[in-house]
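K.L.:
Provide a 3D model corresponding to the input given below.
(2 chains)
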Amino acid sequence: MESRITETHQKLSEDGHESECDKIVMLLDLMIDGEASSEQQAYFNTHIEECVPCFESHQKQKLLKGLVCGHLKRVIVPESLALSIKARIQETV
Amino acid sequence: MSEQTGKQLSKEEKDARFEAELLPVLDPLYNFAYRLTLDEDDANDLVQETYLKAYRFFDYFEQGTNAKAWLFRILKNSFINEFRKKSKQPAKVDYSEVEGYYNSDDVEGEGGVASTTDMRTESVQDLIGDEVASALNALPVDFRTVIILCDLEGFTYEEMAKILDIPIGTVRSRLHRARNSLKEKLEKYAKSMGYNS
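P.N.:
Numbering: from 1, shown residues only, chains lettered A, B, ... in the order given. Purely as a prediction, here's the structure:
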């Protein structure tokens, strides 16, 4: 089960180039959330161009975020809720 | 000048401003409440309580600032207080732990993929959505919260730090752990959908 996402990171640490890839792992979330600085982005993009496991980790992280924001159904607000909030507020002095 | 300051608004003016600024957040707020409580009635109560609290403290709310983050913060705090009260009822609290246990067990096992999903004919979209929802619901509430705030509602790390009252570093590490956990739960399912590498 080499493709297990969680094991990919562990394997990296056992490999030789752990420090670079470990840094990339720490930047994954910043990258997909748009929170990375321009230096971090440059460092990240340069690295994943030549490192296949990190490139794949990035793809998976993006996919994961996409699953949550693209597929999680939104629940429909009951119509009565806004009305009862307004009513309760009007009662409040 | 002193007669016309913000605090001197009539009740009608205050209500109108309150509705205009805060009611547009109702939809995301209700969704957040639902994802936290996993129960429509509880979500309803929690949202109402949140708006009543917000109304009480509306004088402290600065017009034009981040109404959404402010309401989310109030709701999150109300939920924590409510949750602590309800934790005296073991069944309600243990549910997520039990579910989490079974789900993580399922990841290890060799059994059928998506065993929690029944075999009714649903569209693929629905199936994915259901799978994501059940994986998310099985996460501990702190993990679920950061994923909802970040991925569903698009809050920045800084806003999340304010909503949750934790440092940005904690937001980052919690999000990282939450996603690893969610990944584990979804992994088998993702493979079955052809997302394997």
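K.L.:
Let me know the secondary structure of residue 53.
P.N.:
Looking at chain A here, since you left the chain open. Here A:P53 is recorded as helix under DSSP: H, G, I helix; E, B strand; the rest coil.
K.L.:
Please look at it and A:C21 and confirm they touch.
P.N.:
Yes - between A:P53 and A:C21 a contact is recorded at 6.9 Å, counting by C-beta atoms under 8 Å. Backbone N, C-alpha and C define where each C-beta goes, glycine included.
K.L.:
Looking at chain B, which residue is nearest chain A?
P.N.:
B:D151 (4.0 Å; C-beta to the nearest C-beta).
K.L.:
where does chain B have low pLDDT?
P.N.:
Within chain B, the stretches with pLDDT under 70 are B:1-8, B:83-84, B:86-122, B:188, B:190, B:192-197.
K.L.:
Next, name the residue at the spatial heart of it.
P.N.:
By C-alpha atoms, centre = their mean, the mean C-alpha position of chain B lies nearest to B:F32, the distance being 3.6 Å.
K.L.:
Enumerate every residue touching that one.
P.N.:
Shown in contact with B:F32 (C-beta atoms under 8 Å, 6 or more residues apart in numbering or on different chains): B:72, B:75, B:148-149, B:153.
K.L.:
quick one on the thing from earlier: okay, A:P53 and A:C21: which has more neighbours?
P.N.:
A:C21 (21 against 18; other C-beta atoms under 10 Å in any protein chain shown).
K.L.:
The helix or strand encompassing that one close to chain B?
P.N.:
Assigned by DSSP states H and E, A:C21 belongs to helix A:18-32. Yes - residues of helix A:18-32 are located near chain B by C-beta under 8 Å from any C-beta of the partner chain, namely A:26, A:28-30.
K.L.:
right, and B:C150 touches B:L175 too?
P.N.:
Yes - with contact defined as C-beta under 8 Å, B:C150 and B:L175 form a contacting pair (6.0 Å).
K.L.:
Name the residues contacting each of these two.
P.N.:
Shared contacts of B:C150 and B:L175, counting by C-beta under 8 Å, 6+ apart, come down to A:33, B:157.
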